[in-house]
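Need the 3D shape of this:
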Amino acid sequence: METHTTPFRVYFGGTRAHTFDSHLCSYTHTTLVESENSVLADLEWLGLLWDEGPDMPSETAPYGPYRQSERGEVYYAVAQKLMDDGKAYRCFCTPEELDAMKADQEARGETPRYDGRWRDASVDDVQQALDEGKPYTVRFKVTDNSRVVIDDVVRGLVSWDAQATVGDFILLRSSGVPVYNFCVAVDDACMGITTVVRAEEHLTNTVRQALVLDALGAPRPRYAHCSLILGEDKQKLSKRHGATSCDQYRLDGFLPDAMINYLALLGWNDGTDNEIFARDELIDAFELDRVVKSPSVFDLEKLKWVNAQHLKLRTVEDLVPLVKQQILWQGMFKDGLVSDDSVDLGVIDFTYAATALAKQMMETTKDAALNAKTVLGYGLPATFTDVRDEEARTMIATGNFYALAQKLVAQYRSGEFPRPDESNPLAAFQDAEGRMIEEDTQKGPACQFTQDYMAHMKSLAKELGLKGRHLFHPVRLALTGEMSGQDVTKQMSLLALATKADSVIDSQYVVDMETRMTRLEAFCESIPDEYRAPRTVAKKESESVVGPTAAATTATTVESPGTDSYTVDPKDAYTGPPISALDIRVGRVMKVWEHPEADKLYCEEIDVGEDEPRQIASGLRPYLQPEDIDGRLVLVLCNLKERKLVGFASHGMVLCASNADHSEVRLVNPPVDARIGERVSIPDFDFTSEEGAPFAENKVGKKKIVEQLAPYLVTNRYGVPEFLGRPFVTSAGVCTTSIPDGTVS
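Numbers count the residues shown, from 1 in each chain. Next up is the predicted model:
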């Protein structure tokens, strides 16, 4: 039996249309009930709900039946009508005759096609063949010199010489089975289809379908033949490129609205830079006229980004049922305890905490479950030689980790180390009134455990002479087994939820604090003696950097007793404020004009992803023309207090690069695909957890954060802006400038 796509009657904006052929939503006509049910379930999950379809009772289905396998009588009746009208005929050619016909035409250098030998056969010849019981096909009679012309929504005007392109084509095979193009045309006519959206592969099928529709006196639908969706290797999307069913994306934690949003963006846009659409917005904005001819590439990373934006628009409460399902699929809940409709308070509490903890880093709801699994586990290797994370090895090698870890073990065993409130381990996720905090980065009065923990960290810092990353990174690795992650107090609180007496979590996924301390002790025993005390650091003479930033970027060597010296990352010797204190965002200059009272200032209106554009004054007038700035993507330091510059209220600073004597100043350029409003980050630094949140404007000014960081903000010899040898990065890649070996300010 022929494999083909079955049309469904669905409604888009009141217009009847075929369900488009896609790698996500198509199925083969195999009469397998599970295949049909799978497609209907996928469409339902996506929210593409139909007004009519095969799931309807026949008495309420005005255009049914909807399965081609159940419409045989319709196709036979139409074929008979076409024969009665002289627009189709019986062909009694045997397969051998057709093969010989093809061979003769190819030998003469002609394009093979049916030669029409039964086209004008006499009534007597036809009747004789029928009386002899000869099998026959039913062929459509293509009028000589006929042309088929369509105004395709995507392709524009397309025309074919019908006789040369398809010849007298088959409607019914000798077995009586109708062919795909005949079925589709009959269905379009019978069901009143007005719009057909399908892949460009079907463009030539339009010739046969249009001829049948014309012969039946039925109006042709509007056609839109979209380009194929390609994989990242620029080949036709197929199973080898990964997940190919809607259900797989559902299981992987994607939202249906995000899937619809992303699929709509494949070959279409609304004429703006907007990429995130709510379903209603997409319905209002979508027009087939804006679908482009060029093929689109299915980019899983872009799909994840779109999904992440939709997740950010949801509250934690909205996401809890979806994350609960993911935790259930991961097998983390105790057997038999949780079902899809479970409302167990312990399940809800744990899921809410896991969702709030992961919300800012989630690309899919599955990420929250996997993050919870990581938090409850303990990734610290058994021994130092097993450590594969280079950042962790380097940090341990500086010598601070050993003493700090030993201190933590002793304090935990003695009860000095703060612990979550056993009666309310959710406190870290609640505000002062007991309401659940919606996001991991949401500020508010800290719970008692968090306050105690921070006070304890200050005490440790004073006792051991450590601060900043030299304190927090070793503590994080010792307590969580990871070098990065969300707020430690929230992680410990989630662990407390999983280890309490009536916990809903299967213990096989949990490494409790006592076990962690035991493993930490064993790990410390494996640390080489030379890494058990802070190293002495000396400048490496073979490395030098010209200018005032040399101290910030010069490599160093660590002198270890009895060992050769080795290079240490300048990041290890850095003790200034965190680079994440700055809120540097991608912006677009919407308008630029000369300051009326200051000959060195431009006034700019810049979109940085907020409700209203920022008004910013910059000293670029001596260096750049207005056309050099207008419409450009720029980097904007956003967490500076608003101040008056010669009467102009300026709120932020445009980042520029300059050479040593400041005779040349140029903009720092984000990648052209960077997203407006996204925050610039620096590799190897925490920008996602609570510790990585930007400082408040008052704190930035009061503590002179910009002034302290300025000597470390440079451009390398290739013009890439850096902090401690790490580039400024956006979601679309690395930022650049045209000024090498300069400074950024």
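
Now do the host helix or strand of Ala356: which elements does it pack against?
Element membership for Ala356, per DSSP states H and E: helix 345-358. In terms of contacts (3 or more C-beta pairs under 8 Å, 6 or more residues apart in numbering; DSSP states H and E), helix 345-358 is packed against helix 316-329, helix 365-376, helix 488-499. To be clear about C-beta, it is placed using only N, CA and C from the backbone, and glycine gets the same treatment.

so where does Ile676 fall, helix or strand?
Under DSSP H and E, no helix or strand contains Ile676.

ditto for Glu44
Applying DSSP H and E, one finds Glu44 within helix 33-46.

Name the residues of the very next helix or strand once past that helix that are buried.
Later in the chain than helix 33-46, the nearest helix or strand by DSSP H and E is helix 72-84. Neighbour-count burial for helix 72-84, counted by 16 or more other C-beta atoms under 10 Å, picks out 74-75, 78-79, 82-83.

same thing with stretch 90-98?
For stretch 90-98, by 16+ other C-beta under 10 Å, it's 90-93.

Show me the contact partners of it.
For stretch 90-98, the external contacting residues (C-beta atoms under 8 Å, 6 or more residues apart in numbering) are 83, 101, 114, 117-118, 126, 129-130, 134-139, 168, 170.

Any stretches of the stretch 151-300 of the chain with poor pLDDT?
For the stretch 151-300 of the chain, applying pLDDT under 70 flags the ranges 238-244.

three-state assignment of the spatially most distant residue from the centre of the chain?
Note on the chain: the largest C-alpha distance from the chain mean falls to Asp124, namely 67.2 Å (C-alpha atoms, centre = their mean). Assigned with DSSP: H, G, I helix; E, B strand; the rest coil, Asp124 falls in the helix class.

what's the pLDDT at it?
Per-residue confidence at Asp124 stands at 94 (pLDDT).

How about the one 5 residues further on?
In the prediction, the pLDDT value recorded for Ala129 is 92.

What separation do you get for the nearest residue to it once chain neighbours are set aside and Arg621?
Counting by C-beta to C-beta, 6 or more residues apart in numbering, the nearest residue to Ala129 once its immediate chain neighbours are dropped is Phe92, at 4.5 Å. Per C-beta to C-beta, to the nearest Å, Phe92 is found 87 Å from Arg621.

where does the protein have low pLDDT?
Residue ranges of the chain with pLDDT under 70: 1-32, 238-244, 338-343, 432-446, 535-568.

what comes up buried for stretch 286-294?
For stretch 286-294, by 16+ other C-beta under 10 Å, it's 286, 291.

Need the contact partners of that stretch.
Against stretch 286-294 from outside (C-beta under 8 Å, 6+ apart): 153-155, 195, 197, 224, 226-227, 264, 267-271.

if you set the cut-off to 6 Å instead, what comes out?
153-154, 224, 226, 267-268 (C-beta atoms under 6 Å, 6 or more residues apart in numbering).

Among the residues you listed, name the ones in strands.
Counting by DSSP state E, those place 224, 226 in strands.

and the contacts of stretch 286-294, which are buried?
Taking 16+ other C-beta under 10 Å as the criterion, what is buried in these is 153-154, 224, 226, 267-268.

Turn the residues you listed into JSON lines, including distance to Asp502.
Output for those, formatted as JSON lines (distance: C-beta to C-beta, whole Å):
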{"residue": "Val153", "distance to Asp502": "60"}
{"residue": "Val154", "distance to Asp502": "59"}
{"residue": "Ala224", "distance to Asp502": "58"}
{"residue": "Cys226", "distance to Asp502": "55"}
{"residue": "Gly267", "distance to Asp502": "53"}
{"residue": "Trp268", "distance to Asp502": "51"}
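
Can you tell me which of those residues is nearest Gln486?
Trp268 (36.5 Å; C-beta to C-beta).

Tell me who's in contact with the closest one.
290-291.

how many neighbours does Gly192 have?
Residues lying near Gly192 (other C-beta atoms under 10 Å) number 13.

Equivalent analysis for Arg113, please.
16.

go on, Val212?
Quick note: Val212 (other C-beta under 10 Å) scores 26 neighbours.

Remind me what the helix or strand containing it packs against, helices and strands.
If you go by DSSP H and E, Val212 is part of helix 205-216. Under the contact criterion of 3 or more C-beta pairs under 6 Å, 6 or more residues apart in numbering; DSSP states H and E, helix 205-216 touches strand 147-152, helix 180-191.

Which among these is found nearest to Ser689?
Ser689 lies closest to strand 147-152 among the helices and strands packed on helix 205-216, at 51.4 Å (C-beta to C-beta).

Show me what counts as buried in the closest one.
Those would be 148, 150, 152, for strand 147-152 by 16+ other C-beta under 10 Å.

so which of the residues you listed would you say is closest to Val646?
Nearest to Val646 among the buried residues of strand 147-152, with distances taken as C-beta to C-beta, is Asp152, at 58.4 Å.

before we move on, the earlier item: which residues sit against the helix holding Val212?
So helix 205-216 is contacted by 87, 148, 150, 160, 162, 165-166, 169, 181, 184-185, 189, 220, 223 (C-beta under 6 Å, 6+ apart).
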